[in-house]
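[1] return atomic coordinates for the entry below.
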Amino acid sequence: MCKKLAYLISFVVVLIVADGAPAGLVGHWTFDEGSGTVAAGLSGKGNDGTVMGDATWVAGLMGGSALNFDDSDDIVVIDDDPSLDIEDALTISLWVNTSNVVAPNHMVTKQPSGTAPDNYPGNYEFRVKDNTIQFLHQTSESTDYSLYISTSLITAGQWHHAAVSIVEGGFVEFYLDGVPAGSVAQSGTFGVLNDDSLRIGGRKDNHFFNGMLDDVYIYDRALTPNQIEGLSKGIEPDFSKAEQPSVPDDAVYENTWANLAWTPGDSAVSHNVYFGTNFDDVNQGGEGAFAGNTLSTFQVIGFPGFPAAEGLQPGTTYYWRIDEVNESDPNSPWKGDVWSFSVPPKTAYDPDPADGAEFVDPNAIFTWTGGFAAKLHTVYMGTNFDYVNNAAGGIPLGSTSYSPGTLESEKVYYWRVDEFDPPTTYKGDIWSFTTPDAVGNPQPANGAVDAQILTTLGWTPADTAASSDLYFGADADAVKNATAASPEYIGNKALGSESHDPGELSLGASYHWRVDAVYPDKTVKGLLWSFTAADFIGVDDFESYNDIDPPDPNSNRIFDKWIDGFGTTTNGALVGNDLPPYAEQTVVHGGAQALVYRYDNNLKTSEATLTLVYPRDWTAEGVTKLALWFRGASANAAERMFVALNGNAVVYHDDASATQMTGWNEWVMDLTAFADVDLTNVNTLTVGFATKNSPAAGGTGTMYFDAIRLIR
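    Coordinates of the predicted model:
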């Protein structure tokens, strides 16, 4: 198993190198002094910093002051302390606002006394360069840095928050606002090589930072993704739970036993272990899931006398949870997260091309992942399902790849791989695919989720077929095996009529369909396609808006549908961008587009209104709530945010400073809160800022909205 740009981004670096790293905060500099030459260390371990050069104290992001560095001689130096000589795990978190995002701009460094190749002294550097976030480290003084670079970009002149984590032998994973921003395989092993000073705002060899820094944290442990997300929202980590499972969550684990280990919570004296094959049982502590209490931070499984005494079974997913216990603490126990791993099956799996793949290259090489402990593999392939299903006596292969030669176009093929682990042969599943010019391009796409409940099926017919036969239903097997006499048969579709309206779908229901290619002399059975209807009714996902200008009849610009205050003196809202792309395409919650919304509440209110075509009945399918995702910024002026239906039924966000909430936040409103509105006939939806119909002195800001929907 394998493992956005934002206006407010926090920097976090996480490294994991060995088990047993101490937990806790070793450095915290808020820069809230506002004057002087001392940046107090607030971690409880001392580590005060000396402010050198002419760094200036300025208004900070987090409510106090920050330090502004001029790229000449400004730097904060923290004398070395054993608490800062970290070898096992490191987390650095800070806020940054810089005008230099191109040249190397060093934020935090720890350097050895010697000189490494290419004049790069230092054990690690945390910097901005080439519009990216970068982390560098060395394994020894005689080697150059390993360099890791984010894929998401950072913009100049704004406060930003981001993250990067390194796991020994794993991946360097970057984050922006708690959201993944790139992952790179690690090329070296992290480890502190020196007892040199820690520097904030520069490097030892006269490389200095240009910009502002605020609220710097250093931990001697690796923070989890959830903790990193919390830091991006100003929430300090909670270390009460067990973390860092030795078998990574959701891993594929190829063995019949395991030694499950974890990093304990800070207050734990002992540990309650839960283990089993049922998520709910493990999550709820159900009967049979409790494996015992232990003083150790590991649990053996898969041997007699231990959980899974019969050994870990192929093709099985296991779940486990560690609750931390301290009888003297009233908050005990601290319930842990449920982790999982899967032992692969004895049969072949993970085929390439994937089951149901379309338009596969006729000269493709076919591969798969061999079954657990398989020694030999036998492949069967053809255009007849029954033949492939019943075939036997094939020639075993020693590798997990197969070249069948050039395949025919406009065909549906089936294939199967049997695995041999002496003395047993494990018959494989039947996989299928099509070659170019066969029936394909299903809409909704095969495997799609969140299909709208009013959706139209569509497809591309086979290249030389005369027509198509369509089958549709809620039972996969029934659709797969249906004939023209079955209730799932919708009918024959002539060329040019490759569409079907199945009517209003049920929220959250799964549907299956099949299109057979009809030729003058035969009918070729098509692949089984499936999709799941959304468990919500979409109001606006912002995906349909385009950059086509009037008078083109296809014009669908976002600011022509969301009517704002452009041209008025009483409405301070402006939505969309002045130039294409008109919809926001960088800061999005889901899909490819979102709504960017600029408000100006200087003696006015800000409102943007959408006139609804569908949905207007907000009682359909039992929906009871309106939900939307929004994103603010700490630099925004604090303003009330509201939603209004039909112009005057108003609900305000509980947080009067919602405009300053960073990251993506979901706002769920009970429809009953919209007073005196006919929910069966909702005509307009308004999103606004300030107190509706009561303009007053206010400020400005930029917001983003996405995924407006009705839910149950």
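[2] kindly state the beta-bridge partners for Val172.
    Ile166, Val184 (DSSP bridges).
[3] I figured it hits Ser165, correct?
    Yes - counting by C-beta atoms under 8 Å, Ser165 is a contact partner of Val172 at 7.1 Å. In this view, the C-beta of every residue, glycine as well, is placed from N, C-alpha and C.
[4] tell me which stretches of the stretch 201-350 of the chain form strands.
    202-203, 207-208, 210-219, 251-252, 258-261, 270-276, 290-294, 298-301, 316-325, 338-343, 349-352 (DSSP state E, counting those that start in this stretch).
[5] and Ser401, which of those strands is closest to it?
    Shortest distance between Ser401 and these, using C-beta to C-beta, is found for strand 349-352: 9.2 Å.
[6] need the residues that contact the closest one.
    Contact partners of strand 349-352, identified using C-beta atoms under 8 Å, 6 or more residues apart in numbering, comprise Phe366, Thr367, Trp368, Thr369, Gly371, Trp415, Val417, Trp431.
[7] do that again at 10 Å, thanks
    The contact list for strand 349-352 (C-beta atoms under 10 Å, 6 or more residues apart in numbering) reads 1, 252, 315, 344, 357, 360, 364-372, 400-401, 415-417, 419, 428-429, 431-433.
[8] among the residues you listed, which are located in strands?
    Among the contacts of strand 349-352, the ones falling in strands (DSSP state E) are 252, 366-369, 401, 415-417, 419, 431-433.
[9] starting at the chain centroid, how far to the longest helix seen in the chain?
    Using DSSP state H, we find that the single longest helix of the chain is helix 225-232. Offset of helix 225-232 from its chain centre (C-alpha atoms, centre = their mean, to the nearest Å): 13 Å.
[10] what angle do it and strand 210-219 make?
    Per axes from the mean of the first three to the mean of the last three C-alpha atoms, to 10 degrees, the angle that helix 225-232 makes with strand 210-219 is 140 degrees.
[11] where along the stretch 1-150 of the chain do the strands fall?
    In the stretch 1-150 of the chain, the segments counted as strands under DSSP E, counting those that start in this stretch are 10-16, 25-29, 38-39, 49-52, 56-59, 65-70, 75-78, 89-97, 105-110, 124-129, 132-137, 146-149.
[12] ranges for the helices of this protein?
    Ranges of helices in the chain, per DSSP H, are 225-232, 279-284, 385-390, 476-481, 558-561.
[13] pick the most buried one from those helices.
    For those, the largest average neighbour count (mean count of other C-beta atoms under 10 Å) is found in helix 225-232, namely a mean of 21.
[14] how close does Val282 sit to Ala251?
    Applying C-beta to C-beta, to the nearest Å, the value for Val282 to Ala251 is 16 Å.
[15] I'd assumed Asn446 was in contact with Phe433.
    No - using C-beta atoms under 10 Å, Phe433 makes no contact with Asn446, being 11.6 Å away.
[16] okay, these two: which has more neighbours?
    Counted by other C-beta atoms under 10 Å, Phe433 and Asn446 do not tie: Phe433 has more neighbours, with 24 against 20.
[17] list the residues that contact Phe126.
    Residues near Phe126 by C-beta under 10 Å, 6+ apart: 11-13, 90, 92, 94, 96, 106-110, 133-137, 164, 200.
[18] walk me through the domains of this structure.
    Domain assignment for the chain by automatic domain parsing gives 10-232, 251-343, 349-434, 440-534, 539-711.
[19] what's the angle between the longest helix of the chain and strand 89-97?
    30 degrees.
[20] who are the packing partners of helix 225-232?
    strand 10-16, strand 89-97, strand 162-167, strand 171-176, strand 179-185, strand 210-219 (3 or more C-beta pairs under 10 Å, 6 or more residues apart in numbering; DSSP states H and E).
[21] least confident of these, on average?
    Ranked by mean pLDDT, the helices and strands packed on helix 225-232 end with strand 10-16 at the bottom, a mean of 44.
[22] TSV for the strands of the stretch 1-150 of the chain, including distance to Phe705?
    Converted to TSV, those look like this (distance: least, C-beta to C-beta, whole Å):
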stretch	distance to Phe705
strand 10-16	22
strand 25-29	34
strand 38-39	39
strand 49-52	41
strand 56-59	28
strand 65-70	29
strand 75-78	39
strand 89-97	25
strand 105-110	32
strand 124-129	29
strand 132-137	26
strand 146-149	31
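[23] out of those strands, flag the one nearest Ala592.
    Closest to Ala592 of those is strand 132-137 (C-beta to C-beta; 22.1 Å).
[24] where are the low-confidence patches of this structure?
    Along the chain, segments meeting pLDDT under 70 span 1-23, 112-122, 139-143, 168-170, 188-193.
[25] can you map out the strands along the stretch 451-600 of the chain?
    Here the stretch 451-600 of the chain has its strands, by DSSP E, counting those that start in this stretch, at 457-460, 467-473, 489-494, 499-500, 510-518, 523-524, 528-533, 536-540, 562-563, 574-575, 595-600.
[26] can you tell which of the ones you listed is closest to Thr155?
    That would be, of the strands of the stretch 451-600 of the chain and by C-beta to C-beta, strand 595-600, which comes in at 14.1 Å.
[27] give me the number of residues near Met62?
    15.
[28] can you give me the distance of Gly503 to Asn546?
    Gly503 is 28 Å from Asn546, where distance means C-beta to C-beta.
[29] same check, this time on Ile86
    Using C-beta to C-beta, Ile86 is found at 51 Å from Asn546.
[30] so between the two, which is more surrounded?
    More crowded of Ile86 and Asn546, by other C-beta under 10 Å: Ile86, with 24 against 17.
[31] ok, Glu607 touching Gly688?
    Yes - counting by C-beta under 10 Å, Glu607 does reach Gly688; the two are 3.9 Å apart.
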